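**Q** just coords:
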């Protein structure tokens, strides 16, 4: 029986681009991942599953430098990437870890794999990720190739295709699921790499143990008890969840071209009050002004794979006015509602109350339904313009 550990890795990241190739103590994050997983005695082979994108040639170069196998597949359909990687490498059992976990503990992963192998006639899937008791960043999922193949053949939703295993653990009438738990609950600790704060913490941990051949979960916990200020470094970072795998990120100058493309989309212009197509030069000038305007905030709605939409909040003529749009391939999936909801959450964090205003064309039925669902009230109707308002934070 062949146990193959597949590590998904790509250069792209909405919050920390290129994170898996960042250096920690003279080695890339991916190299640390591989070194720690090579210590897991019940893994027969390690395979890096990356994408076909040109920018992920850097991942392939790193794999070749490190002498580790790799597979290239779909960027968005990560389930298919896993399936074909497992099939090509003749896996009977698949161990899934992600490349943003450079503190992976070989002994923890080993125990979870053993739990599966000892009970493979009973369980289709064993992990420590659904009912969490381990620090985030020690995630290990183990499942049969048959379970992966069934998920590959039956999963339809974007969510299930993007995240590999939800179809398995969502369908516990089809698959037998088991959760491996630690005796003590350390789920409050965050040791995964997704932000600059995470990178700072993990770098400090590695520097502290640089003279040790290997350090494990217990070593890090002892360090954090000795230096409780370490936990505070990334304590405010909100983990992206699979079922709510959406975050608002501040737009920056690197997003200029992307927002330009969205803004000139035919459907977006149709629903705008200014329907004319704009030049890139005009957009660059406009965008730079907005980024530097203290009365304007621009956010992108993103998940772990891509940017989905943009929302702008601008204080103008005494009103906090909202404008948003969703990129064309993500429309009709509820993201309009979600981007406005996430904006409200962000604003409530920073102040007690605020009156939000939106102006919508009367023929833009979909947008009107979204604002209605969020309990905006219609304040005024003028020709083809409807003005809506809502007070948040009351």
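**A** Cool, got the structure. Keep in mind that this is a model prediction, so the values were computed, not measured.
**Q** And the contacts of the lengthiest strand in the chain?
**A** Longest strand in the chain by number of residues (criterion: DSSP state E): strand 307-316. Contact with strand 307-316 is made by 14, 246, 248, 251, 255, 258-259, 262, 290, 293, 295-302, 320-327, 330, 335-336, 339-340, 343, 347, 356, as judged by Cβ atoms under 8 Å, 6 or more residues apart in numbering. Where C-beta positions appear, they are placed from N, C-alpha and C, glycine not excepted.
**Q** Which among the residues you listed count as buried?
**A** Neighbour counting by 16 or more other Cβ atoms under 10 Å classes 14, 246, 248, 251, 255, 259, 262, 290, 297-302, 320-322, 324-327, 330, 335-336, 339-340, 343, 347, 356 among these as buried.
**Q** Now, those residues that are in helices?
**A** 259, 262, 290, 335-336, 339-340, 343, 347 (DSSP state H).
**Q** I'd like those residues laid out as TSV, including distance to residue 51 and pLDDT.
**A** Below are these laid out as TSV (distance: Cβ to Cβ, whole Å; pLDDT from 0 to 100):
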residue	distance to residue 51	pLDDT
259	24	92
262	22	93
290	32	95
335	22	90
336	28	92
339	25	94
340	31	94
343	30	92
347	35	90
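**Q** what's the closest of these to residue 389?
**A** For those, the minimum distance to residue 389 (Cβ to Cβ) is 13.2 Å, reached by residue 340.
**Q** OK, contacts around the closest one?
**A** Residue 340 makes contact with 311, 322, 324, 370-371, 374, according to Cβ under 8 Å, 6+ apart.
**Q** one more time with 10 Å
**A** Listed by Cβ atoms under 10 Å, 6 or more residues apart in numbering, the contact set of residue 340 reads 301, 309, 311, 322, 324, 356, 358, 367, 370-371, 373-374, 376, 390.
**Q** before we move on, back to that, partners of the longest strand of the chain in the sheet?
**A** Pairing partners of strand 307-316, with direction, according to DSSP bridges: strand 296-302 (antiparallel), strand 319-326 (antiparallel).
**Q** buried sites along that strand?
**A** For strand 307-316, by 16+ other Cβ under 10 Å, it's 307-314.
**Q** coming back round to it: ok, so of the ones in helices among the buried ones among the contacts of strand 307-316, who is nearest residue 159?
**A** Using Cβ to Cβ, these come closest to residue 159 at residue 335, 12.3 Å.
**Q** what's the span of stretch 118-129, first residue to last?
**A** With Cα to Cα, to the nearest Å applied, stretch 118-129 spans 19 Å between its terminal residues.
**Q** name the element residue 63 belongs to?
**A** Per DSSP states H and E: residue 63 is located in helix 57-66.
**Q** Repeat that for residue 110.
**A** Following DSSP H and E, one finds residue 110 within helix 106-118.
**Q** The helix or strand following that helix packs against which elements?
**A** Going down the chain from helix 106-118, the next helix or strand is strand 125-127, by DSSP H and E. Secondary-structure packing of strand 125-127 (3 or more Cβ pairs under 10 Å, 6 or more residues apart in numbering; DSSP states H and E): strand 93-98, helix 106-118, strand 141-144, helix 145-154, helix 166-170, strand 177-179.
**Q** repeat that for 8 Å
**A** Here strand 125-127 touches helix 106-118, strand 141-144, helix 166-170, strand 177-179, going by 3 or more Cβ pairs under 8 Å, 6 or more residues apart in numbering; DSSP states H and E.
**Q** Distance to residue 225 added to the ones you listed, as TSV?
**A** Putting the helices and strands packed on strand 125-127 into TSV (distance: least, Cβ to Cβ, whole Å) gives the following:
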stretch	distance to residue 225
helix 106-118	18
strand 141-144	28
helix 166-170	32
strand 177-179	26
